[in-house]
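Engineer: please find the sequence and the predicted model below.
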Amino acid sequence: MMSSKKKVLIITYYWPPAGGPGVQRWLKFSKYLRDYDIEPVIYTIDNPTYPILDSSSENDIPQGIEVLKQPIFELNSILSFFGVHNKKESAGFLNPKPTLFGKMIQYIRANFFIPDARKFWIQPSVKFLSNYLKNHKIDAIISTGPPHSVHLIGLKLKKQLGIKWISDFRDPWTEIDYFKQLPLTKKATNKHHQLEQEVLVNSDMTIVVGETMKQRYLKHTSSIEVITNGFDTIQNSLPQKLDSNFSITHVGSMNSDRNPQILWDVLKEICDSNSDFKKDLRIKFIGKIDDSVLQDVKVFDQKTIIRIPYVDHKDVNSYQVSSQVLLLSINNVPSAKGIITGKIFEYLQAKRPILAIGPEDGDAAIILKNTNAGEIVDFKNKKTLKALIIDFYNTYKEGNLHVKSDNINQYHRKNITSQLAEVIKKVVY
């Protein structure tokens with residue numbers, strides 16, 4: 001009788017000690033897959049240059065899990081040779097005013113390193129994993145991107161070995177928020193679209209994080225499922241002391257596309273007309289902030305703005321549960337409707353009122369509506385936003401600002417992993 005336990009090889013660029021959102025999805029899946037008779041094997045890089053490091057993420061690595069590692073030669077190594085130092089910046093933080101040399105580097109990156117600067121990892125990984133798969137029983141491989149070069153490893157292994165393959169898109173490829181900002185030639189743009197389509201067509205199953213992305217990818221494949229992100233923290237039963245000030249907290253990176261200028265305008269208007277509001281207001285940024293954001297918030301008193309560059313994932317919850325209001329800012333880009341930032345799930349388990357700025361008919365809006373966890377206001381709906389903030393503030397002054405969210409357990413990482421396990425078994429059996 002065949003064993004019911006299955007083994008999957010997960011190909012991921014991000015793995016502890018990586019920090020930030022990229023590592024969380026498959027680290028948490030790996031943590032719970034064994035509960036559903038699936039044994040994960042991890043393949044990742046041996047010499048990482050991650051934008052953010054968070055050693056606390058290592059605590060979630062399942063005991064005894066097999067982790068395979070191979071070195072990667074990255075574009076940053078070439079740039080260092082020419083004296084350009086790696087500032088470890090995230091892809092969404094493109095320099096709006098690059099030097100002439102910077103423009104040249106951006107052009108080279110965009111057009112000669114397709115799909116991304118990790119392309120040099122593809123062929124060595126295919127060679128290494130081909131040998132591994134010939135000598136070890138693996139039921140399916142899973143590639144998770146971005147970086148989307150990881151999917152090309154999966155694609156080549158699928159073609160060479162005929163092994164079952166699941167491609168997981170944590171973010172879209174050609175519709176990611178910064179794609180249209182890249183200085184791409186028409187030929188390079190077509191190449192990206194061609195590779196994206198090839199991955200979708202050849203995958204035995206594609207997983208995406210939201211319904212909008214699924215609808216867009218259905219033109220290439222019908223084998224597609226939505227598996228959202230989630231939260232893993234279990235709230236302490238003891239009540240958390242709330243901030244004494246009227247705090248509005250944003251957790252995570254805020255690039256220029258995510259800069260909610262309408263919010264700063266509204267808050268400034270209220271400050272100018274209400275001295276108590278001005279005295280009570282605190283705007284907290286936890287994570288990297290774009291220069292455009294810093295410039296916009298200079299209109300507020302210095303004591304109003306609180307900046308905390310980075311907090312380990314294990315510690316960020318204390319900031320969330322003590323905040324009066326949690327700010328969720330969706331990127332103001334053509335693909336905004338399908339953007340579901342990972343922080344929305346972390347916010348849900350904090351059980352504090354969520355103020356979201358983004359499409360009122362988008363995927364994030366549906367999650368907020370289904371959980372009764374907060375309100376979302378469109379990018380240009382200034383009147384509604386102002387009324388909402390004043391309502392939040394008045395309720396705060398009464399000592400009664402809270403949220404009656406429900407149905408949030410569906411987004412616990414263990415429950416999400418159970419859905420993933422069903423998808424994997426559908427592919428394997």
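Structural biologist: Cool, got the structure.
Engineer: and what about residue 127, helix, strand or coil?
Structural biologist: For residue 127, the secondary structure call by DSSP: H, G, I helix; E, B strand; the rest coil comes out as helix.
Engineer: give me the number of residues near it?
Structural biologist: For residue 127, the number of neighbouring residues by other CB atoms under 10 Å comes to 12. All C-beta atoms are positioned from the backbone trio N, CA, C, and that covers glycine.
Engineer: cool, and residue 256?
Structural biologist: 18.
Engineer: quick check on it: phi, psi?
Structural biologist: In terms of degrees, to the nearest 10, the main-chain angles of residue 256 are phi -60, psi -30.
Engineer: quick check: it vs residue 376, distance?
Structural biologist: Residue 256 is 21 Å from residue 376, where distance means CB to CB, to the nearest Å.
Engineer: tell me where the model's unsure across the chain.
Structural biologist: 1-3, 75-98, 234-239 (pLDDT under 70).
Engineer: what ranges do the strands span in the stretch 201-350 of the chain?
Structural biologist: Secondary structure of the stretch 201-350 of the chain by DSSP state E, counting those that start in this stretch: the strands cover 205-208, 224-226, 246-251, 281-286, 305-308, 325-329.
Engineer: and these as CSV, adding mean neighbour count and distance to residue 117?
Structural biologist: Below are the strands of the stretch 201-350 of the chain laid out as CSV (neighbours: other CB atoms under 10 Å; distance: least, CB to CB, whole Å):
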stretch, mean neighbour count, distance to residue 117
strand 205-208, 23, 24
strand 224-226, 17, 27
strand 246-251, 23, 27
strand 281-286, 22, 28
strand 305-308, 14, 29
strand 325-329, 25, 27
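Engineer: select, out of these, the one closest to residue 52.
Structural biologist: Residue 52 sits nearest to strand 281-286 of all these, at 12.4 Å, using CB to CB.
Engineer: hmm, back to that, turn the strands of the stretch 201-350 of the chain into a markdown table, including distance to residue 151.
Structural biologist: As requested, the strands of the stretch 201-350 of the chain are exported to a markdown table (distance: least, CB to CB, whole Å):
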| stretch | distance to residue 151 |
| --- | --- |
| strand 205-208 | 10 |
| strand 224-226 | 14 |
| strand 246-251 | 29 |
| strand 281-286 | 31 |
| strand 305-308 | 34 |
| strand 325-329 | 28 |
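Engineer: any idea which of these gets closest to residue 44?
Structural biologist: strand 205-208 (18.5 Å).
Engineer: run through the neighbouring helices and strands of the closest one.
Structural biologist: strand 165-169, helix 211-217, strand 224-226, helix 413-428 (3 or more CB pairs under 8 Å, 6 or more residues apart in numbering; DSSP states H and E).
Engineer: pick the most buried one from these.
Structural biologist: The highest mean neighbour count among these, using mean count of other CB atoms under 10 Å, belongs to strand 165-169: a mean of 26.
Engineer: just to revisit the earlier point, right, so of the strands of the stretch 201-350 of the chain, which gets closest to residue 183?
Structural biologist: Of all the strands of the stretch 201-350 of the chain, strand 325-329 sits nearest to residue 183, with 25.9 Å by CB to CB.
Engineer: so what angle separates the directions of that closest one and strand 246-251?
Structural biologist: 40 degrees (axes from the mean of the first three to the mean of the last three CA atoms, to 10 degrees).
Engineer: sheet partners, orientation included, of strand 325-329?
Structural biologist: Strand 325-329 sits in its sheet next to strand 246-251 (parallel), strand 354-357 (parallel), going by DSSP bridges.
Engineer: using JSON lines, lay out the ones you listed together with distance to residue 195.
Structural biologist: Below are the strands paired with strand 325-329 laid out as JSON lines (distance: least, CB to CB, whole Å):
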{"stretch": "strand 246-251", "distance to residue 195": "33"}
{"stretch": "strand 354-357", "distance to residue 195": "33"}
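Engineer: before we move on, back to that, residue 23 is nearest to which of the strands of the stretch 201-350 of the chain?
Structural biologist: strand 246-251 (15.8 Å).
Engineer: for the closest one, which outside residues touch it?
Structural biologist: 267, 277, 280-287, 316, 319-320, 322-329, 343, 346-347, 355, 392-393, 396 (CB atoms under 8 Å, 6 or more residues apart in numbering).
Engineer: put the alpha carbons of stretch 370-389 into CSV.
Structural biologist: Output of stretch 370-389 as CSV, limited to C-alpha atoms (Å, rounded to 0.1, in the frame of the first residue of the first chain):
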residue,chain,number,x,y,z
ASN,A,370,-16.4,40.2,4.9
THR,A,371,-14.6,40.6,8.3
ASN,A,372,-16.2,43.9,9.3
ALA,A,373,-12.7,45.0,10.3
GLY,A,374,-12.6,48.5,8.9
GLU,A,375,-13.4,51.0,6.2
ILE,A,376,-12.0,51.7,2.8
VAL,A,377,-12.1,55.0,1.0
ASP,A,378,-11.3,55.7,-2.7
PHE,A,379,-8.1,57.6,-3.6
LYS,A,380,-10.1,60.7,-4.5
ASN,A,381,-13.0,60.5,-2.0
LYS,A,382,-11.8,63.3,0.2
LYS,A,383,-15.2,64.2,1.7
THR,A,384,-15.9,60.6,2.9
LEU,A,385,-12.3,60.3,4.3
LYS,A,386,-12.6,63.5,6.3
ALA,A,387,-15.9,62.4,7.8
LEU,A,388,-14.6,59.0,8.7
ILE,A,389,-11.5,60.3,10.4
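Engineer: contacting residues around that stretch?
Structural biologist: Here stretch 370-389 makes contact (CB under 8 Å, 6+ apart) with 260, 262-263, 265-267, 269-270, 326, 328, 332, 336, 347-348, 351, 353-360, 362, 364-365, 367-368, 403-408.
Engineer: go again using 6 Å as the cut-off
Structural biologist: For stretch 370-389, contacts defined as CB atoms under 6 Å, 6 or more residues apart in numbering pick out 262, 266, 332, 348, 353-354, 356-358, 360, 365, 368, 405-408.
Engineer: same deal with stretch 334-352?
Structural biologist: Identification of contacts with stretch 334-352 by CB under 6 Å, 6+ apart yields 21, 175, 209-210, 212-213, 229-231, 233, 251-252, 320-321, 323, 326, 328, 330-331, 354, 358-359, 362-364, 373, 405, 408, 411.
Engineer: isn't residue 204 right up against residue 163?
Structural biologist: No: with contact defined as CB atoms under 6 Å, residue 204 does not reach residue 163; the gap is 9.1 Å.
Engineer: what about the closest residue to residue 130 other than its chain neighbours, distance to residue 415?
Structural biologist: Leaving aside its sequence neighbours, residue 130 sits nearest to residue 160 (CB to CB, 6 or more residues apart in numbering; 6.2 Å). Taking CB to CB as the measure, residue 160 falls 35 Å from residue 415.
Engineer: tell me the buried residues in the helix or strand encompassing residue 389?
Structural biologist: Secondary structure from DSSP states H and E places residue 389 in helix 382-397. Under the neighbour-count criterion of 16 or more other CB atoms under 10 Å, helix 382-397 has 385-386, 388-389, 392-393, 396 buried.
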